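Q: Next comes the sequence, and after it the predicted model I'd like to discuss.
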Amino acid sequence: MHLIVTSAIFLFLTACGPKAEPSGEPVDTQRTWNTDSDDTDTADSDTADTDTADSDTVDSDTVADSDIFAVKDGGYIIAGPWHGYSWARVTGDDSTIDPTSFSDLEPGNGPLCASGIVGGMANWSGSALIGFNLNQDEDGEDAAVNAVEVQPGGLRVNISNPGGTEVRIQVVGSTGGAVESDRWCFVVSNFNEHVIPWTSFNTHCWDNGGEYYAGQPLTAAAVLVPGHNALDRPYEVCLEDLRPVVDEDGSFELPEDTEADTGGPIDTDLIPEDWNTGFVGAHGALQVDGAVLEDAAGDPIVLRGLSLFWSQWEGDFYNAELVNWLVTDWKINVIRASLGIREIDGYLVRPTEEMAKITTVVNAAIAEGIYVIIDWHAHEADKHPVDARAFFEVMAQIYGDYPNVIYEVWNEPLQDASWRSVIKPYAEYVIEGIRQYDPDNLIVVGTRSWSQEVREVLGLEIDDPNVAYTLHFYAGQHGVGLMSGADIAIANNLPLFITEWGVWSSGYIDDDYNNEVDMADLSPWLDWADENGLSMCMWSVSDKDEPSAIVKPGSSPQGNWTADDLTTIGTLMHGIFNE
Ligand code: MG
């Protein structure tokens with residue numbers, strides 16, 4: 001271990017600088033429900049599996065377990081391999097913090113809570129900090145603070161923020177953060193327990209315009225409440241957990257076996273020869289340019305359409321009559337075909353059947369002149385990379401010359417799938433297969449945590465000129481925190497594509513379909529997508545009894561719907577598409 005001794009009570013400056021107005025709202029961006037799966041499916045893994053087993057039974061006298069976050073006598077913190085004294089401090093003329101020390105805290109699991117006011121400072125330099133040293137012996141608060149080496153992985157974070165202020169995590173290097181280049185931060189938008197990859201920390205986390213953290217030895221970590229340039233800001237924040245997680249068992253290894261069953265032969269006679277019709281005929285091949293999606297003429301283009309439901313559960317909706325109805329009556333210009341992958345009942349066990357549903361929709365989309373997303377609808381796609389690559393190679397061979405086609409190689413990676421070590425190498429493996437046959441069509445790649453953590457891609461983009469990254473949201477479930485993370489990604493020229501969005505409400509079981517769309521939550525999302533010119537598909541074209549289905553149970557899978565067939569969201573979307 002590389003040790004660097006610094007002064008015992010070291011300087012710990014806040015990261016400050018010009019920034020946008022903070023969003024202010026605490027948000028829960030963690031999905032704890034399952035919109036996509038069948039009602040009877042109880043084994044699906046959409047629910048967040050947070051690690052709580054190790055946080056209840058700490059004996060503060062014998063604490064040595066590397067899996068815990070615990071407080072010992074005198075406010076001494078054990079945080080996995082880290083250990084050192086905690087502290088509470090503020091910067092700025094009128095800032096306050098209570099308590100000013102955690103030395104009297106009862107030993108146990110914490111949390112470290114503090115409240116007060118961060119005084120407004122013209123240069124944005126006010127802050128409040130709850131933190132601890134990472135490598136300090138238990139010899140009193142004046143004991144020397146050493147630096148620790150950081151392993152690839154991330155920082156497990158759990159914060160409660162009843163005060164609803166903007167909150168950052170800040171780590172500092174061997175100078176104790178004395179200079180800006182020696183402190184890195186991350187704007188927290190998810191206040192549930194989750195892991196923030198080290199690669200997401202930046203010296204200017206408010207806009208990620210600085211330098212990304214690159215593994216420098218660290219001496220301290222803290223929760224930071226940033227101040228305003230004029231207003232005093234009250235806050236109340238608790239640090240529940242903050243410790244490093246090593247990225248070791250989640251890495252993606254290139255498969256040795258390349259055999260995969262892609263089902264029976266595809267009848268290519270059913271593929272329209274000519275794509276040069278309708279909306280696609282007018283716009284041609286799609287290409288990303290920075291954060292902007294452009295058509296073949298180089299003009300910005302925004303696609304708006306709908307996503308079909310998992311193919312194995314709502315397969316009746318995968319038909320040409322429906323695609324024609326959605327183009328003529330709903331005026332969509334993109335449709336998403338969601339190939340259900342699951343080894344229980346999806347493509348992996350009946351490839352011919354499920355493949356045929358996808359080709360039916362793709363052929364219809366080509367005939368109607370709209371774009372079509374071929375979506376590998378899986379949460380754990382890294383478990384079947386050979387099947388994914390073989391499937392997309394078939395798609396690329398038969399559709400690679402059609403500008404209609406967009407490949408989406410992993411719908412929604414789970415929360416514990418590292419972008420760097422799992423999602424990105426998986427995507428590169430599949431994309432390599434696609435590019436053998438189709439050098440240019442747009443490819444969309446899912447992002448960690450149900451395609452919510454798009455900014456983790458920054459600095460780790462896939463080396464291909466026509467890749468966009470997936471952002472998913474559910475109004476009524478996901479708040480503005482997701483938007484602020486996406487804003488940072490967009491500001492850094494990352495192209496985003498909302499291949500799936502929907503609405504949700506916790507009390508949706510309601511026969512009259514009248515109370516299920518929270519416009520107060522949905523409108524900001526739609527406005528934000530408009531402002532940023534983001535293409536998107538709404539989930540879903542389905543008659544399932546849930547808020548995000550566009551038609552009521554029993555509606556025809558071929559379309560020809562009356563106003564009575566439409567749900568609340570269906571009526572809304574039909575109106576929006578026809579504006
Ligand atoms: Mg092509």
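A: In hand now; what should we look at?
Q: Could I get the pLDDT score of the residue at minimal distance from the centre of the chain?
A: Among the residues of the chain, the one closest to the centroid is Gln452, at 1.6 Å (CA atoms, centre = their mean). Looking at Gln452, its pLDDT stands at 90.
Q: just the one 10 residues further on next, same as before
A: Ile462 carries a pLDDT score of 97 in this model.
Q: what residue ranges in the protein are flagged as low confidence?
A: 1-67, 247-250, 478-481, 506-516 (pLDDT under 70).
Q: Contact residues of it facing the ion?
A: For the chain, the contact set with the ion under CB under 5 Å from the ion comprises Gly400, Asp438, Asp440, Asn441. Where you see a C-beta, it was placed from the backbone N, CA and C, and this is true even at glycine.
Q: what do you get if the cut-off is 6 Å, keeping everything else the same?
A: Neighbours of the ion within the chain, by CB under 6 Å from the ion: Gly400, Asp401, Asp438, Asp440, Asn441.
Q: residues in contact with the third one?
A: By CB atoms under 8 Å, 6 or more residues apart in numbering, the residues touching Asp438 are Ala396, Tyr399, Gly400, Asp401, Val405.
Q: Check whether Pro524 sits in a helix, strand or coil.
A: Put simply, Pro524 is helix when judged by DSSP: H, G, I helix; E, B strand; the rest coil.
Q: next one: the one 4 residues further on
A: Following three-state DSSP, the label given to Trp528 is helix.
Q: picking that back up, any idea how far Tyr437 is from the residue nearest to the centre of the chain?
A: 31 Å (CB to CB, to the nearest Å).
Q: Just list the residues touching His283, thanks.
A: Asp295, Ala296, Ala297, Ile301.
Q: where's the residue nearest to the centre of the chain relative to the ion, distance?
A: Noted for Gln452: a distance of 29 Å to the ion, by CB to the ion, to the nearest Å.
Q: Is that residue in contact with His472, as I believe?
A: Yes - taking contacts as CB atoms under 8 Å, Gln452 lies within contact range of His472: 6.5 Å.
Q: Need the residues that contact the helix or strand where Val361 lies.
A: Assigned by DSSP states H and E, Val361 belongs to helix 351-368. With contacts defined as CB under 8 Å, 6+ apart, helix 351-368 is touched by 261-264, 266, 270-272, 275, 277-278, 280, 308, 311-312, 315, 318-320, 323-324, 327, 335, 337, 339-340, 346-347, 371-372, 374, 391, 394-395, 398-399, 402, 404-405.
Q: Which members of those are positioned in strands?
A: Leu308, Ile335, Ala337, Leu339, Gly340, Tyr371, Val372, Ile374, Val405 (DSSP state E).
Q: if we can go back for a sec, which one of the residues of the chain next to the ion sits in the busiest neighbourhood?
A: Using other CB atoms under 10 Å as the neighbour criterion, Asn441 leads the residues of the chain next to the ion with 24 neighbours.
Q: Hmm, Glu408 and that one touching each other?
A: No - contact criterion CB under 8 Å: Asn441 and Glu408 do not qualify, at 11.4 Å.
Q: one step back: export the residues of the chain next to the ion to JSON lines and tack on distance to Phe252?
A: Shown next, in JSON lines, are the residues of the chain next to the ion (distance: CB to CB, whole Å):
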{"residue": "Gly400", "distance to Phe252": "25"}
{"residue": "Asp401", "distance to Phe252": "30"}
{"residue": "Asp438", "distance to Phe252": "23"}
{"residue": "Asp440", "distance to Phe252": "25"}
{"residue": "Asn441", "distance to Phe252": "23"}
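Q: now Ser311: how far from the ion?
A: Taking CB to the ion, one finds Ser311 at 23 Å from the ion.
Q: Show me which residues of the longest strand along the chain are buried.
A: Secondary structure of the chain per DSSP E: the longest strand is strand 233-246. Burial within strand 233-246, assessed by neighbour count using 16 or more other CB atoms under 10 Å, is assigned to Arg233, Tyr235, Glu236, Val237, Cys238, Leu239, Glu240, Asp241, Leu242, Arg243, Pro244, Val245.
Q: Can you list the strands that that strand pairs with?
A: Sheet pairing of strand 233-246 (DSSP bridges) gives strand 112-118 (antiparallel), strand 153-160 (antiparallel).
Q: Can I get these in a markdown table including distance to Val71 and mean neighbour count?
A: Converted to a markdown table, those look like this (distance: least, CB to CB, whole Å; neighbours: other CB atoms under 10 Å):
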| stretch | distance to Val71 | mean neighbour count |
| --- | --- | --- |
| strand 112-118 | 7 | 22 |
| strand 153-160 | 14 | 21 |
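Q: farthest residue from the center of the chain?
A: Asp139 (41.9 Å).
Q: On the three-state scheme, that one is what?
A: Put simply, Asp139 is coil when judged by three-state DSSP.
Q: Identify the bridge partners of Trp184.
A: Each beta-bridge partner of Trp184 is listed here, defined by DSSP bridges: Val171.
Q: Tell me how many other residues crowd it.
A: Neighbours of Trp184 (other CB under 10 Å): 28.
Q: Over to Asn324?
A: Per other CB under 10 Å, the neighbour tally for Asn324 reads 15.
Q: The buried residues of strand 233-246: which two are farthest apart?
A: Farthest pair in the buried residues of strand 233-246 (CB to CB) is Arg233 and Val245. Separation: 30.5 Å.
Q: What is the three-state secondary structure of Asn464?
A: One thing to correct before we go on: residue 464 is Asp, not Asn. Assignment for Asp464 (three-state DSSP): coil.
Q: Next, the contact list for it, please.
A: Ile431, Arg435, Ile443.
Q: Could you check how far it is from Pro439?
A: For Asp464 relative to Pro439 (CB to CB), the value is 10 Å.
Q: Ok, Asn560 next?
A: The gap separating Asn560 from Pro439 is 40 Å, by CB to CB.
Q: Could you give the residue of the stretch 101-250 of the chain that lies closest to the ion?
A: Nearest residue of the stretch 101-250 of the chain to the ion, counting by CB to the ion: Thr199, 31.4 Å away.
Q: Count the residues that sit near that residue.
A: If we define neighbours as other CB under 10 Å, then Thr199 has 22 of them.
Q: in a helix, that's where it is, yeah?
A: Yes - the assignment for Thr199 (three-state DSSP) places it in a helix.
Q: Please enumerate the helices of the stretch 251-400 of the chain.
A: 278-283, 320-328, 351-368, 385-399 (DSSP state H, counting those that start in this stretch).
Q: Please identify the buried residues of the second one?
A: Spelled out, that is helix 320-328. Ala320, Leu322, Val323, Trp325, Leu326, Val327.
Q: burial of whatever residue of the stretch 201-350 of the chain ends up closest to the ion, as a residue count?
A: Going by CB to the ion, the ion is nearest to Ala285 of the stretch 201-350 of the chain, at 6.9 Å. Residues contacting Ala285 under the criterion other CB under 10 Å number 16.
Q: swap in Arg89?
A: 17.
Q: again, but for Leu231
A: Counted with other CB under 10 Å, Leu231 comes out at 12.
Q: Give the helix, strand or coil label for it.
A: Leu231 ends up coil, using three-state DSSP.
Q: Test my guess that it contacts Gly120.
A: Yes - using CB under 8 Å, Leu231 is in contact with Gly120, at 4.9 Å.
Q: Which residue is the nearest non-sequential neighbour of the closest residue to the ion within the stretch 451-579 of the chain?
A: Residue nearest to the ion within the stretch 451-579 of the chain (CB to the ion): Asn466, separated by 9.2 Å. With CB to CB, 6 or more residues apart in numbering as the criterion, Asn466 has its nearest non-adjacent residue at 5.3 Å, and that residue is Leu442.
Q: List the residues that contact the one you found.
A: Leu286, Gln287, Val288, Leu293, Ile406, Tyr407, Asn466, Val467, Ala468.
Q: So which of the residues you listed sit within strands?
A: Using DSSP E, those in strands are Gln287, Val288, Leu293, Ile406, Tyr407, Val467, Ala468.
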